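Asks: Next one to model:
(chains A and B)
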Amino acid sequence: MLGAFEFPPLSHLFEWPDIAFEGTPFAINKVVLCVYASSVLVILFFTVAASRSRQGSHVPKGVQNLAEAGLEVVEKNIALEVMGPHGRHFTPFLAALFYWILFMNLFGLLPLIQLPAASRMALPMFLALLVYVLMWFYGFKAQGPRYVTNSIFPPGVPKFLYVLVTPIELVSKFVVRPFSHAVRLFANLMAGHILLTTFALLTAALWIAKWNVIFLPLPFAMGVAMTAFEVLVAALQAYIFTILAAVYLNESLHPEH
Amino acid sequence: MRNVVTLLAQTEGDVEGGLRAVGYGLAAIGPGIGIGYLVGNAVQAMARQPEAAGMVRTTMFLGIAFAEALALIGFVVTFL
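Replies: All right, here's what the predicted structure looks like:
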């Protein structure tokens, strides 16, 4: 019955041909289009809301209301919760990160587009490197060169344990951290995309099979349920990426105890 | 004996894909247990002290993110 079902190679799901500027580093394909579209959407959304606010409408309505509520979510749940009172300073950066990633993730669920841009490694890697560079920058700004020594020789540890602790801290803080930060976003969305594709293809394969009236609804229902689940994953991964960025930045601003 | 060797040589290509899936399955066990334990305790903490729910939730998501990373690395390695 499943003889007709054959899963395509993964490159068919994630690698798209260039549409414009082929062969240059600025080549545009479907993934890049999704990235640009979500940037434009986020910028437009917040610019329109800000211009309303600048016009002096202190009672927020419509877009302004939505944007203010959205900013407040990031400020209250991420910036202030993780970084304390001076986290307010980082709200714009964290909000931009959160909403950009959220919009890109939601493109993975929009019918006819259905491609989460973060399911290609380049984008999460860029974002993780951005946070990594900022981490070093704020670390040196707040603590000077002591940032490195504070990080790899955490205070309050018995002297002889540094033999064990220092290599672990060095590797986990400066090598593994950006990697796992990027892979977390990438793998979640890639897995989600593969999952949705699997159920969609299974539904399509059962369409022509025998007994399709009985078996077809099963993968179809699963696909619908998984789409709902992916909405949750899209929001959750944007939240987790942002909250980890906040935690990393907070660690460079304040040495541990 | 010789037949077994040729059989192994023939099926080597097929087995490789299966081993990757098994590897991913093994990589998922630990984080599965870890996340279950973590969320269970977080729910307990929230039930006991609802006013601390916000803080517990943030910490819970952080913990989940760290535990989950292992499973996700296993998942990525499956495709390498």
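
Asks: which residues of the chain score low on pLDDT?
Replies: With no chain named, the answer covers chain A. Along chain A, the parts satisfying pLDDT under 70 run over A:1-5, A:57, A:256-257.

Asks: please go with chain B instead
Replies: B:1-17.

Asks: which residue packs closest to the residue most central in space within it, ignoring adjacent ones?
Replies: Nearest residue to the geometric centre of chain B (CA atoms, centre = their mean): residue B:28, 2.2 Å. Distances taken as CB to CB, 6 or more residues apart in numbering or on different chains put residue B:71 closest to residue B:28, at 4.8 Å, once the chain neighbours are dropped. All C-beta spots, glycine's among them, are computed from the backbone N, C-alpha and C.

Asks: residues contacting the one you found?
Replies: Counting by CB atoms under 8 Å, 6 or more residues apart in numbering or on different chains, residue B:71 touches B:27-28, B:30-32.

Asks: where does it land in three-state SS?
Replies: helix (DSSP: H, G, I helix; E, B strand; the rest coil).

Asks: measure it to residue B:33 for me?
Replies: Distance from residue B:71 to residue B:33, counting by CB to CB, to the nearest Å: 11 Å.

Asks: What parts of chain A come near chain B?
Replies: Counting by CB under 8 Å from any CB of the partner chain, chain A comes close to chain B at A:10, A:77, A:81-82, A:180, A:183-184, A:186-188, A:190-191, A:236, A:239-240, A:243-244, A:247.

Asks: From these, keep the buried residues only.
Replies: A:77, A:81-82, A:180, A:183-184, A:186-188, A:190-191, A:239-240, A:243-244 (16 or more other CB atoms under 10 Å in any protein chain shown).

Asks: Helices of chain B, residue ranges please.
Replies: B:2-48, B:53-79 (DSSP state H).

Asks: one step back: closest to residue B:48 among the buried ones among the residues of chain A next to chain B?
Replies: residue A:81 (19.8 Å; CB to CB).

Asks: just checking, what packs against the strand or helix carrying the closest one?
Replies: Per DSSP states H and E, residue A:81 falls inside helix A:81-83. Applying 3 or more CB pairs under 8 Å, 6 or more residues apart in numbering or on different chains; DSSP states H and E, we find helix A:81-83 packed against helix A:217-253, helix B:53-79.

Asks: redo that, cut-off 6 Å
Replies: Where contact means 3 or more CB pairs under 6 Å, 6 or more residues apart in numbering or on different chains; DSSP states H and E, helix A:81-83 is packed against helix A:217-253.

Asks: tell me the contacts of residue B:38?
Replies: Counting by CB atoms under 6 Å, 6 or more residues apart in numbering or on different chains, residue B:38 touches residue B:63.

Asks: now it: how far from residue B:75?
Replies: Taking CB to CB, one finds residue B:38 at 19 Å from residue B:75.

Asks: for residue B:18, same thing?
Replies: Counting by CB to CB, the gap from residue B:18 to residue B:75 is 16 Å.

Asks: and the nearest residue to residue A:99 once chain neighbours are set aside, what element?
Replies: Nearest residue to residue A:99, sequence neighbours excluded (CB to CB, 6+ apart): residue A:42, at 4.9 Å. Under the criterion of DSSP H and E, residue A:42 resides in helix A:30-54.

Asks: Identify the residue of chain A closest to chain B, quick one.
Replies: Going by CB to the nearest CB, chain B is nearest to residue A:187 of chain A, at 3.8 Å.

Asks: Can you name the residues that contact that residue?
Replies: Residue A:187 sits in contact with B:72, B:75-76, where contact means CB under 6 Å, 6+ apart.

Asks: rewinding a little: just how off-centre is the helix holding residue A:81 within its chain?
Replies: Averaging C-alpha positions (CA atoms, centre = their mean, to the nearest Å) puts helix A:81-83 19 Å from its chain's average.

Asks: and the helix or strand just after it, how far from the chain's centre?
Replies: For helix A:81-83, the following helix or strand on the C-terminal side (DSSP H and E) is helix A:91-106. Relative to the chain's own centre, helix A:91-106 is displaced by 8 Å; criterion: CA atoms, centre = their mean.

Asks: Wait, a strand at the residue of chain A closest to chain B?
Replies: No: with three-state DSSP as the criterion, residue A:187 is helix rather than part of a strand.

Asks: Excluding covalently adjacent residues, which one is nearest to it?
Replies: Using CB to CB, 6+ apart, the closest residue to residue A:187 is residue B:72 (3.8 Å).
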